[in-house]
Structure formats: structure tokens, C-alpha cells
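*Asks:* what would the 3D arrangement of this be:
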Amino acid sequence: MNTTTIPKSEFEARIRKFQENIRKENLDACLVHASESDMAHVRYLSEYWPTFESAAVLVPAEGEPVLLVGPESDLYASQRSFFKNIEKLIEYRESAEPEMPDMSFMTYKDLIFKYIPKGVKRLGIVGWAITPLPVYMSLKEQLPGVEIVKADMTLWPLRFVKSENELNCLREAYKISEFAVEAILNEIKPGMTELQVIGIAQREIYKHGGEYEGHSLYCFCGESTNNGISRPTHNKIVKNEVIQLNIGARVSGYSSSIGVPFSIGPLPERKKRLVKFGLEAHNKSIEMLRAGKQAGSVVIDYEAWVKKQGFDQYLLYGPCHAIGMMEVERPWMESTSKYLLQENMTFQADTFFYAKDFGLRWEEGLIIKEGGVEHMSSKFMKYTEI
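*Replies:* Predicted structure coming up:
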């Protein structure tokens, strides 16, 4: 299967760097998890993306990694991933929990014996928040003497700074998202449902080469625009009301998202005022970004500026979060963040304000550079009435 533009050599380099981190933490191996909706860690290492089932990669401190899949996925995994070691475990079956009585499966005990003959005393779990409970229970039962350790930070930092191949995937994903947003603005009409509008975006994403949506696509009209996160419904598009889009495509595993509020016909003045202020705040936050700056100071300065302008009562959060294989991924940019921004980190400038009966979000992708940023998409960062 031709599923990525990331070369095999880059995947292999990722595994070597990951193994260096495993050894630094005095771990014997790490077990890295993924689901269909959050496939990032496993795909980052193996190019495998589970469907229905979950999956994992067992990476020993020394030796070859192993891709772990559920009962139905061994052939699919062998065609999609470059890994030569692939094993089936019942723990990665789909949530309906079929018994699969005519199949045989590897156990964790068997797995360690086969691939890590020296044994395992300390096992790191990566993807701690999404590790299936049946996996954890089986590990405790089958490996009773093994210390299980949360080890997310052995892998996450490798994903913070993007390679040129990764950046090119992101740039292409934003290009496709721009096609989708433009089509919506050209075709949207009062009386359409939010879901019908999303259908336009999906058509354009696949038409222009996207492998999937980058996230759950947003189109909200009216009161539901004040939802921090939500889903489109059969609610109808109307004139003179805030309409919110967040449209993202996925390319070779990398997600984009463009967030733009607009209206069909003029907005009431109080809504227009907040939408326009949101754009001003959005641009202000971007001015604060550059390599070498402490992330937390960006948030503190941004929140102070919003308060000074008299709009802090409308602020839920902000101003940025990382983007890559997931539309929202680490590192978050929060007032408590101590890390420094580095060149080729990628972030979403995510500017959200809300009132009791409407809200708005301006959102675009940025690559951190010395002295500023590279915009992956800014085409629609302008006040729009159609």
C-alpha cells in the first residue's frame, strides 16, 4: 500500500531515537498504544493505522520492534506497515469483544519470551491515556513481576519538532483544507443543514487527495457556535447569524485545520464587534510567537492583552496548541508551560471567544521560525460577509 510520503529511513531513525530514550529512562521496553481515532504514536513508528480494533508497538531497548494487532488485522497490517514482526493479540480486538474461538493468539508472556529473551523488569507505557483496560489487566496478570511505568515522554518530544517531510505533509493538508473552505463559501445557502455543508468539505478533501478528514469537521450556525467543541447537526443555516467553520484534511497521517467565522448578510453590531475583535486577538497572538520564546510567557502576555482590551469575560482559553498527526497534540501552550519554542515546531493559533448566545473561532497553522512564523494557511483570516 502507498499510504505515506514519509520515507522508510525516517521511520527507522525515529525508532532508533526512541530506543535511546528508552535506555536513558532505564526501561527494558515500551509498549506504545493507538486507537482508530488517535492513531498517532503507532502510525509515527510503523505507518499502521488501526480500523475498528486498537493496536500497539512493542519497542525493546535493544532489538527489533513488533507491531501488535487484533484478530482481524494481520493481513491489513502486513500490507500497510513496513514492520516484518507482526503479532496478533486478543487484547486488541474491537470493543464488541468477539471471542474468536477458532483463532490462536500470542500472549504478552509469549511476546517477551520471543522478542526480548533477556526478559523485562521495567515496561514503559506510551499512550497512557488511551491504553485499553484489557491490555493493562493482561499485563498485570501475565507479567506479575514487571514494573509498569507511564512513559509518554520517552516518545512525545520526538514529535515536537517536525522534519521537512512532515512539514510538507502539513503544508499539503492545509492546501486541501483551503480548497474545502473556498467551496463552502461559494456554495453555502440559507436552508442548508450544517451536515450538508460538511458534505461539501468532505467532497473537496477527497477530491484533492486527502486521505481522511483531519478531525471531526465543524459547521455550526447560531447559538451552538459558543460550544468549545461540538458536532454539526441538522440545524439549518440562516442569514445574519454567525456561522463557524473548522475544516481539516489529513495527508500521510498529518492533520490541518482552518477555523473561520462568517455570515450570510450582515451581523448584528454586538456580534460583529466580537468577531472582529477575535481576529485582532488572533493576529496579536501570532505576533508573539518566535523561536526561543518561553511558551508560558506567550499565554500570559496574550491573556493580559485581552484583559486590557476589555474582552477577557469572553475568553475560554488560548492562544495556541500544537498540531501534527493529531489536530490537537502536545505540547499545549499554557500559562504554566516552561518549554521554549523551537524552530519547526508546529502550532495552531486557536482564538476562541464566546458569549451566552454565540461564539467564534479563528484558527490557522503556523511553523515556528527564528524571528516569527511561517503561515501554513492565512487565506481566510479576514472578516467575511457573503
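*Asks:* isn't Phe352 up against Cys320?
*Replies:* No: using C-beta atoms under 8 Å, Phe352 is not in contact with Cys320, being 11.4 Å away. Placement of C-beta: from N, CA and C, glycine included.
*Asks:* ok, now how distant is Gln348 from Gly63?
*Replies:* Look at Gln348 and Gly63: by C-beta to C-beta, to the nearest Å, they are 37 Å apart.
*Asks:* and the two? Which one has more around it.
*Replies:* Each of Gln348 and Gly63 has its neighbours counted (other C-beta atoms under 10 Å); Gln348 has more, 26 against 15.
*Asks:* residues contacting Asn85?
*Replies:* Glu64, Pro65, Val66, Leu67, Tyr115 (C-beta atoms under 8 Å, 6 or more residues apart in numbering).
*Asks:* in stretch 65-82, which residues are buried?
*Replies:* 65-73, 76-78, 80-81 (16 or more other C-beta atoms under 10 Å).
*Asks:* typed the wrong thing, it's stretch 15-22
*Replies:* Those would be Ile15, Phe18, Gln19, Asn21, Ile22, for stretch 15-22 by 16+ other C-beta under 10 Å.
*Asks:* now for Phe358, how many residues are close by?
*Replies:* Other residues near Phe358 come to 24 when the count uses other C-beta under 10 Å.
*Asks:* same question for the one 5 residues further on.
*Replies:* When neighbours are defined as other C-beta under 10 Å, Glu363 has 28 of them.
*Asks:* and Asn235, by the same measure?
*Replies:* So Asn235, with other C-beta under 10 Å, has 15 neighbours.
*Asks:* could you list the buried residues of the strand of greatest length in the chain?
*Replies:* Ranked by residue count and defined by DSSP state E, the top strand of the chain is strand 359-369. The neighbour-count check on strand 359-369 (16+ other C-beta under 10 Å) flags Gly359, Leu360, Arg361, Trp362, Glu363, Glu364, Gly365, Leu366, Ile367, Ile368 as buried.
*Asks:* rewinding a little: restricted to strands, list the contacts of Asn85.
*Replies:* Val66, Leu67.
*Asks:* and which of the contacts of Asn85 is nearest to Thr3?
*Replies:* Leu67 (14.3 Å; C-beta to C-beta).
*Asks:* check the closest one and give its pLDDT.
*Replies:* For Leu67, the pLDDT comes out at 98.
*Asks:* and Ser378, how far from Lys276?
*Replies:* 17 Å.
*Asks:* ok, now Met288?
*Replies:* 20 Å.
*Asks:* more neighbours, these two?
*Replies:* Neighbour tally, Met288 and Lys276, criterion other C-beta under 10 Å: the higher count belongs to Met288, 19 against 14.
*Asks:* rewinding a little: can I get the buried residues of strand 359-369 in JSON lines with distance to Ile205 and pLDDT?
*Replies:* What follows is the buried residues of strand 359-369, written out as JSON lines (distance: C-beta to C-beta, whole Å; pLDDT from 0 to 100):
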{"residue": "Gly359", "distance to Ile205": "25", "pLDDT": "98"}
{"residue": "Leu360", "distance to Ile205": "23", "pLDDT": "98"}
{"residue": "Arg361", "distance to Ile205": "19", "pLDDT": "98"}
{"residue": "Trp362", "distance to Ile205": "21", "pLDDT": "98"}
{"residue": "Glu363", "distance to Ile205": "17", "pLDDT": "97"}
{"residue": "Glu364", "distance to Ile205": "17", "pLDDT": "98"}
{"residue": "Gly365", "distance to Ile205": "16", "pLDDT": "98"}
{"residue": "Leu366", "distance to Ile205": "21", "pLDDT": "98"}
{"residue": "Ile367", "distance to Ile205": "22", "pLDDT": "98"}
{"residue": "Ile368", "distance to Ile205": "26", "pLDDT": "98"}
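*Asks:* out of those residues, who's nearest Lys88?
*Replies:* Of those, the one sitting nearest to Lys88 (C-beta to C-beta) turns out to be Gly365, at 37.6 Å.
*Asks:* my guess is the closest one contacts Met376. True?
*Replies:* Yes: proximity of Gly365 to Met376 meets the contact threshold set by C-beta under 8 Å, at 3.8 Å.
*Asks:* what sits against the residue most central in space within the chain?
*Replies:* Most central in the chain under C-alpha atoms, centre = their mean is Met326, positioned 1.1 Å from the mean C-alpha point. Residues near Met326 by C-beta under 8 Å, 6+ apart: Asp38, Ala40, His215, Ser255.
*Asks:* same list, those residues, but as JSON lines with pLDDT and secondary structure please.
*Replies:* JSON lines is the format used below for these (pLDDT from 0 to 100; DSSP: H, G, I helix; E, B strand; the rest coil):
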{"residue": "Asp38", "pLDDT": "97", "secondary structure": "coil"}
{"residue": "Ala40", "pLDDT": "98", "secondary structure": "helix"}
{"residue": "His215", "pLDDT": "97", "secondary structure": "coil"}
{"residue": "Ser255", "pLDDT": "98", "secondary structure": "strand"}
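*Asks:* could you identify which of these has the most neighbours?
*Replies:* With neighbours taken as other C-beta under 10 Å, the top of the contacts of Met326 is Ser255, carrying 28 neighbours.
*Asks:* contacting residues for Pro268?
*Replies:* Taking C-beta under 8 Å, 6+ apart, one finds Asn240 in contact with Pro268.
*Asks:* any figure for the gap between it and Phe358?
*Replies:* Between Pro268 and Phe358 the distance is 9 Å, computed by C-beta to C-beta.
*Asks:* cool, and Leu195?
*Replies:* 20 Å.
*Asks:* could you do Ile184 as well?
*Replies:* On the measure of C-beta to C-beta, Ile184 and Phe358 end up 19 Å apart.
*Asks:* which residues do Gly365 and Met376 both contact?
*Replies:* In contact with both Gly365 and Met376: Leu170, Tyr174, Ser256, Thr346, using C-beta under 8 Å, 6+ apart.
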